[in-house]
Each structure stands twice: as structure tokens, then as C-alpha cells.
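# using only what follows, build the 3D model:
(chains A and B)
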Amino acid sequence: MTDVRPPVVEAPVGGRQDGRGSHAPDQPRIDRVTVIRPAPRWPHLDVRELWHFRELLFTLAWRDVAVRYKQTAIGIAWAILVPFVTMVVFTLVFGKFANFPSKGVPYPIFAYSALLPWTYFASAVGLSSGCLVNNKPLVTKVYFPRVLLPLSAVSVPIFDFVFASIVLFGMMAWFHIWPSIALLLAPAFLLMALTTALGTGLFLSAVNVRYRDVPYAIPFVIQIWMYVSGVIYAISALPERWQWVLALNPMTAVINGFQWGVLDTAAPPLDKTLVSVASMLVMTVVGLWYFRRSEPKFADTI
Amino acid sequence: MGAAITATGLAKRYRIGQLRGAYGTLRDSISTAARRAVRREHAERPRDIWALKDVSFDVPEGQVLGIIGRNGAGKSTLLKILTRITTPTRGRAEIRGRVGSLLEVGTGFHPELTGRENVFLNGSVLGMKRSEIAAKFDEMVEFSGIGTFIDTPVKRYSSGMQVRLAFAVAAHLEPEILLVDEVLAVGDAEFQRRCLGRMEVLSESGRTVLFVSHQMQAVARLCDRAIWLDQGQVVDAGESSEVVARYLQAGFGSGSGRVWTDIAEAPGGDLVRLRSVRVVQDGHEAAAVDVRRPVGIEIGFAVLRDGEPVFPKIKLVDGRGDVVFNAMDTSDRWLESARPADYLSTAWIPGNLLNEGLISVQVVVASMGAPRLVPQAAINDVVSFHVQDPGDGDSARGLFTGQWRGVVRPLLDWTTEER
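Numbers count the residues shown, from 1 in each chain, chains lettered A, B, ... in the order given. Have a look, this model is predicted:
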């Protein structure tokens, strides 16, 4: 019986009222004219539009945070467990056994203070590179600036970072280490990690739309990247020549800068930090450019 | 009153080659690029498909415009461009006012989040401000009938509850321009009915509506104007009931009979050629048939030489593009090798089987090449006919006059015992 549908509404359509006057009074008037045209050859970032969609950015980030540890047994404790256990393993293998250089501070706190920004970065790259494919229903059904997806993805692991920092403060008390005044610069270095992750994520997420090789490459890329970021050994102990090469990796500056703040180790050399900043900017611009250029085809190819 | 939507020369190209690339791997692309560079091979020219070609129209504010056409005519592509999900290859459109659509119902729902959380998520995905959602929240919950389950994760909802909640959010979007793609609308009959109801409420309050549908009577009834798309182009536009009438008359662009006078031009090959195909009822060729009486699909074909056994087959497709059925002649006469001769076969479709509406016929004369059929002569949409119910009360719908869903509409034997 349910398959038989009576006509929906008997009233004729002619009884429509005239124009705008009949709009519901509570309706916000948006007098925006939307112009639809072919994708431009040279993409640019529409900042005004991003601002218009700012609420959606927060909503998406909030969703991912709310969902992140749903139906897990230990929940957000994962945010501590991963860097902590990694630190213990590193300490046993590299600290005790291989005796890697650790800037003159105890190896455990050297490793943990490096693992904090590094774990954030690795999560942010992982989440943002999958953000388009994982949100396929959104990408194929509704319009919004797609940049919001990687942007919200790199914001999500900040919560893990903040949570795992509690353990860092505990360890600092244990080892009697006082932060330097440069701790005030830590947010700037974290922002640098975020921007680098964003640039990488923009690029990889757009590539992922076409080539599903990306999820296979990510763990491997992240692992190699860690070895050249100064997480398990102090970059400053390397020959000068190699320090310059590694400065091209913005994460070296992030980790050096963060340790400078929390462990009061030597300040990262300014010239090499500037190289890192420049490298970060190039990565971000290239990532953004590629993302924006691929954006018009996302819904067709995903 | 100005135009709410102005579309000028909209065109959309899809590359078939791109689709292959989309599922390929990076390695394929790199190796192709390398080969090209080394051997100076030219790129394989990808085949272009124009889903839309030069589509222009205006929708004045407050008008309800119907978009009709067969599957693959470009209707959904047009809506995708107007909702900015994809960009046009050429052309331009201007939209004045907030666009809402009933084709994205439930988009962004996350199973782990509660109903309440999903209302906020879905609302803001659809373009509502948080304050706006908060203001309408109670109304939405009321409308959905979810009640106390609002704080339960959505994954615990039945699919019906999910759709109801999603629709409650979409229905409170209050867009100035509403896009409805009934073809894509998910959900049960009840849900589709709600979509249409919501659309009527909005159109009566002066909103602009774009309505894509395969239900001609709904288009004729609800829309002021209609445009008819075929192969990505506007082939007809005007007053909705007139466009619908012309669309039905044209019946997919094929008539009720087709004859090939020159056998060399007819579909087929060296073994079999078609000669004619006709729709017949009561001894006459018929474009409109009575649902209660048998309909014949008469196929004339010539076997041109001795060869493997062949037999005739038909496929019926309805106005929504769904296959009604396939049927082939399984009689023993077709087990023998084909002898050169002219044949006239008629497939008799019993009365009170088809549902009302347009039916398009595919005809094949095939041979059996296990495991599949080998078409020796085949043609799609060769003829079409319109199934009608005179409404005398002796058909499967009895005295009911409303819409009757289903691919077929058989008149069943019912038995009832009183106990």
C-alpha cells in the first residue's frame, strides 16, 4: 500500500504571491550575486569568500575533534601514549645504546620535546592529505571553498599537542629544567609547523583525488622526514654543510626553536631559520597553487 | 522583478580519457609521460563528451522552472554547475540570492555524532549561520519527530529517522532559490512526497524553484515553464504543459513505427538486417496504447545467408530510464541454423502488465554465443509508445486516480477468505 502515492497537494500553483514581499520575515537577506564561470587559468585565493565561510571552518574542525577518539577505549590518552612510548623506545635505542647527541640535556626530555611538534606535524600531514577523499560526500554534493578541509584538518591535532604538553611539563619538573624566555616564541614555531603541514597537505590531498597512491606513500614519507628533522639526534652536532641542507626542511627550525623555548638550549641560528622560513613559504605557495588549480575538477575526478 | 538565474552559453566537457586517468595510478601516468618524451608519441586524444552544449535560459524571480529530458541529457550536470559543485567549461551564469537544494539532504551527517550535533553540522554545511540554526533548532526537531533521540548518535537511528532529521534541516534552510532534483532524491515515497510538498510551499511564497523530474504530470502541474534538454542542449522551452506534451509526443525522438526501405542502410550485418519495427494494438500501429489490452512489438528482419541460429529479442525502458524487462523468443524454431528468408516476429506483451507512461523499445536479433548473446542486428530506442489508462475502473488501479509508482503494474488475482 505504501507504494501508492496520492497527489501531493491539490491546490493550484497559480495562487502564488508576488515577489519578495512574501518572504518569511526571519529570513536573512543575502544580496550576493553569485557569478559562475569557467575555472580561471591562474588560480588565486579568494580571502573574502574564506572569511564568509569562517563558521564552517570551525564547524568542520569541531566535528573532527569531536569524532577523533569516539569509540576508543582510552580516548585522548592516545595523544600522550604515542609520543611517550616512542620517547621511551628512542631513549633505549638511540640514547643509551647509540649515544646520539642530545644538546646536553637528558635524552628522554630531548626526544620528547622534539616528538611533541613532530607528532603534531605527522598527524596534521596525515589528516590533511586524506581530507578531500575522506569527505567525498561533501565534495560531490555541496559547494564551499575546498581549502577549508585541509585547513580544518591541520587544526585538529593541536588538541593532541596541547594535551601531550602536560607530560612535557611533568618531565621538565622531574629533570629540573626551566624554560627560557623564548618559550613565548613557541606558538610562532608551532604556527610554522602548521603552515608546513598545510602546504604539504594541500598538495597531497589534491594529488590523492586523482592518485590513490598517497595513503600508501604517507607513512613512508613521514618516517624519512622524521630522520632529517632532528627528532632523534641534535642537528647542531652535524657538520655545518649538512646543517645548511637540512635547513631546507622547515621542521628542523620548528624543533630547534621549540627546544630553545622549553629546554633553554642554544637558540637556532638565525640564518638557517630564515632558510627554513623561506622553504616553508615556497612549499605553502606551491601547495596552495596546485590545490586551487586542481579544485575545479575535484568533484568530477574524486 | 529581475532574473533570479541567468545562464548564458553554459557548456561542460568531460574527457573520457580523464576518467581512465582518474582510476589509474601515478606509475601509469609517469610511464606514459616518459614514453611520450622518449618516443615523441603524441598523447592519445581523449574522447570528449559534451554533457552540456550552449545552454542559455533565464528564470525570473518567483518562477518555477521544470527541467525535463532523458537520462544523460545533462539535467544533473546543469544542477551541479548551478550549485557550484563543478565548474562549466564555457559560459556564464549569474544567480541572485541564496541557493538551497534538496539534492544534498543529509550531506555531512556523521554517524558518530548525536542528532543535535549533526543538525548544527549539516546546517552549517548547507550554508546556515550558527545563530540561525540555534534559533530554528526546536522547530527542526519538532518537524523531524525525532524527539528524545536527538541526543543519541545518528548511527543508532533507523534510516527513516536519519532522512527525517536531514530533511528537517534542509527544509528550514529558507533559500531564495530552491533546486530540486527528484531524479536523485533519495529516500522512500513518503520522503519524495515531502520534497514536493516543501517545494510547493516555497514556490507559493514567491521563491524561485528549479525542478528536475521524470514525472511529467508533476512538472506540468507544478511548473510555470519548462525546458527540455536533450544531449546537452535545450531543444524546447516554454509553457510547462506544452513542453511536456511535445516531449511526450516526440516520445524519446522515435515514433511508433520504423521501416528501412534500403536494406543496406538498415541496422545489422552480413547475416541479419532489420526491415521494420512497429508497435501494434488491435491490429493497428499505435503510438498510444490501452494499458488493459495486449501490445505487440512487431519485428521484421531478413536473414541474408546460411549461418548460426538467430532469434529476436526486445528490451523495454521506461521514461525514467529503468529497464522494464528483457524478453526473447525461446521457441524451438530458432534452434536450427538460420535460413535466408524474411521473417516477421511479434512479441506480445500482455494487457495489464506495463505501468502508465512512456516506453522505449530496443530491438536485437542475436545469436547465442555462450556465455553471452552476440547481437547480429541491434538498435536502441527504435520505437516508443505511451501507455494510457482510460480510467474506466477496470484496470489495475481500479477507481484510484493518483500517481501509481512502479516499473510494472500487473492486475493480480487476489484471494480472500473470511475467517
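
# now do the longest strand anywhere in chain B, average pLDDT.
Counting residues, the longest strand found in chain B (DSSP state E) is strand B:372-388. Taken as a whole, strand B:372-388 carries a mean pLDDT of 85.

# then stretch B:108-128?
Regarding stretch B:108-128, the rounded mean pLDDT is 87.

# try stretch A:127-134
If you average the pLDDT over stretch A:127-134, you get 93.

# again with stretch B:291-298
The average pLDDT within stretch B:291-298 is 93.

# restricting to C-alpha, output it in PDB.
Presented in PDB, the C-alpha positions along stretch B:291-298 are these (Å, rounded to 0.1, in the frame of the first residue of the first chain):
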ATOM      1  CA  VAL B 291      -2.900  -0.500 -20.700                       C
ATOM      2  CA  ARG B 292      -5.600  -3.200 -20.500                       C
ATOM      3  CA  ARG B 293      -5.100  -4.800 -23.800                       C
ATOM      4  CA  PRO B 294      -2.100  -6.700 -25.200                       C
ATOM      5  CA  VAL B 295       0.600  -4.700 -27.100                       C
ATOM      6  CA  GLY B 296       2.700  -6.200 -29.900                       C
ATOM      7  CA  ILE B 297       6.200  -5.300 -30.900                       C
ATOM      8  CA  GLU B 298       6.400  -6.400 -34.500                       C
END
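
# does any part of that stretch sit near chain A?
No - Stretch B:291-298 is not in contact with chain A by C-beta under 8 Å from any C-beta of the partner chain; minimum separation 15.9 Å. Glycine gets a C-beta too; all of them are placed from N, C-alpha and C.

# go on, stretch B:102-121?
Yes - on the criterion C-beta under 8 Å from any C-beta, stretch B:102-121 is in touch with chain A at B:L103, B:E104, B:T107, B:G108, B:H110, B:E112, B:L113, B:E117, B:F120, B:L121.

# measure that stretch end to end?
Its start and end residues considered, stretch B:102-121 measures 16 Å (C-alpha to C-alpha, to the nearest Å).

# swap in stretch A:168-183?
Using C-alpha to C-alpha, one end of stretch A:168-183 lies 13 Å from the other.

# would you point out the helix or strand in chain A whose mean pLDDT is lowest?
Least confident helix or strand of chain A, by mean pLDDT, DSSP states H and E, is strand A:4-5 with a mean of 38.

# take the residues of stretch B:102-121 next to chain A and keep only those in helices.
B:E117, B:F120, B:L121 (DSSP state H).

# out of these, who's nearest B:G255?
Using C-beta to C-beta, the shortest approach to B:G255 within those belongs to B:L121, at 51.7 Å.

# so that closest one sits right up against A:R63, yeah?
Yes - contact status for B:L121 versus A:R63: in contact at 5.5 Å, counting by C-beta atoms under 8 Å.

# which neighbours do those two share?
When contacts are counted by C-beta atoms under 8 Å, 6 or more residues apart in numbering or on different chains, the set common to B:L121 and A:R63 consists of B:H110, B:L113.

# does chain A sit close to the helix or strand that the longest strand of chain B is followed by?
Remark: after strand B:372-388, the chain's next helix or strand is strand B:403-404, criterion DSSP states H and E. Yes - counting by C-beta under 8 Å from any C-beta, contacts between strand B:403-404 and chain A involve B:Q403, B:W404.

# average model confidence for strand B:403-404?
The average pLDDT within strand B:403-404 is 79.

# remind me what that strand packs against, helices and strands.
Helices and strands touching strand B:403-404, by 3 or more C-beta pairs under 8 Å, 6 or more residues apart in numbering or on different chains; DSSP states H and E, are strand A:4-5.

# who touches the following helix or strand past the strand it packs on?
Proceeding N to C from strand A:4-5, the next assigned helix or strand is strand A:33-36, under DSSP H and E. With contact meaning C-beta under 8 Å, 6+ apart, strand A:33-36 is reached by B:I81, B:L82, B:R84, B:T87, B:P88, B:R92, B:A93, B:E94, B:I95, B:R96, B:V99.

# quick one: buried ones out of those?
B:I81, B:L82, B:R84, B:T87, B:P88, B:A93, B:E94, B:I95, B:R96, B:V99 (16 or more other C-beta atoms under 10 Å in any protein chain shown).

# out of those residues, the closest to A:F298 would be?
Looking across the buried ones among the contacts of strand A:33-36 and measuring by C-beta to C-beta, the closest to A:F298 is B:T87, at 10.1 Å.

# adding secondary structure, pLDDT and distance to B:V163, write the contacts of strand A:33-36 out as a markdown table.
Below are those laid out as a markdown table (DSSP: H, G, I helix; E, B strand; the rest coil; pLDDT from 0 to 100; distance: C-beta to C-beta, whole Å):
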| residue | secondary structure | pLDDT | distance to B:V163 |
| --- | --- | --- | --- |
| B:I81 | helix | 91 | 26 |
| B:L82 | helix | 90 | 24 |
| B:R84 | coil | 88 | 25 |
| B:T87 | coil | 90 | 30 |
| B:P88 | coil | 92 | 31 |
| B:R92 | strand | 92 | 36 |
| B:A93 | strand | 93 | 30 |
| B:E94 | strand | 92 | 33 |
| B:I95 | strand | 91 | 27 |
| B:R96 | strand | 90 | 31 |
| B:V99 | strand | 85 | 22 |
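
# now those in CSV, with distance to chain A?
Converted to CSV, the contacts of strand A:33-36 look like this (distance: C-beta to the nearest C-beta, whole Å):
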residue, distance to chain A
B:I81, 6
B:L82, 7
B:R84, 4
B:T87, 4
B:P88, 6
B:R92, 5
B:A93, 4
B:E94, 5
B:I95, 4
B:R96, 5
B:V99, 7
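
# of all those residues, which comes closest to B:K313?
Proximity to B:K313 was ranked across the contacts of strand A:33-36 by C-beta to C-beta; first place goes to B:I81, at 38.7 Å.

# pretty sure that closest one contacts B:G9?
No - applying C-beta under 8 Å as the test, B:I81 and B:G9 come out as separate, 11.9 Å apart.

# how about the strand or helix carrying A:M87: buried residues?
For A:M87, the host element (DSSP H and E) is helix A:77-90. Within helix A:77-90, the residues that count as buried by 16+ other C-beta under 10 Å are A:W78, A:A79, A:I80, A:V82, A:P83, A:F84, A:T86, A:M87, A:F90.

# could you give the bridge partners of B:I359?
Beta bridges link B:I359 to B:D318, B:F385, judged by DSSP bridges.

# list the contacts of it.
Residues in contact with B:I359 (C-beta under 8 Å, 6+ apart) are B:L316, B:V317, B:D318, B:G319, B:V324, B:S384, B:F385, B:H386, B:V387.

# next, format these as TSV and append neighbour count.
Formatted as TSV, these follow (neighbours: other C-beta atoms under 10 Å in any protein chain shown):
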residue	neighbour count
B:L316	23
B:V317	22
B:D318	20
B:G319	24
B:V324	19
B:S384	22
B:F385	27
B:H386	18
B:V387	20
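
# nearest to chain A, of those residues?
B:D318 (15.4 Å; C-beta to the nearest C-beta).

# how far away is that closest one from B:H386?
11 Å (C-beta to C-beta, to the nearest Å).

# got any residues that touch both of those two?
The contact sets of B:D318 and B:H386 overlap at B:G357, B:L358, B:I359 (C-beta under 8 Å, 6+ apart).

# could the residues you listed be laid out in TSV, adding pLDDT?
As requested, those are exported to TSV (pLDDT from 0 to 100):
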residue	pLDDT
B:G357	81
B:L358	80
B:I359	86
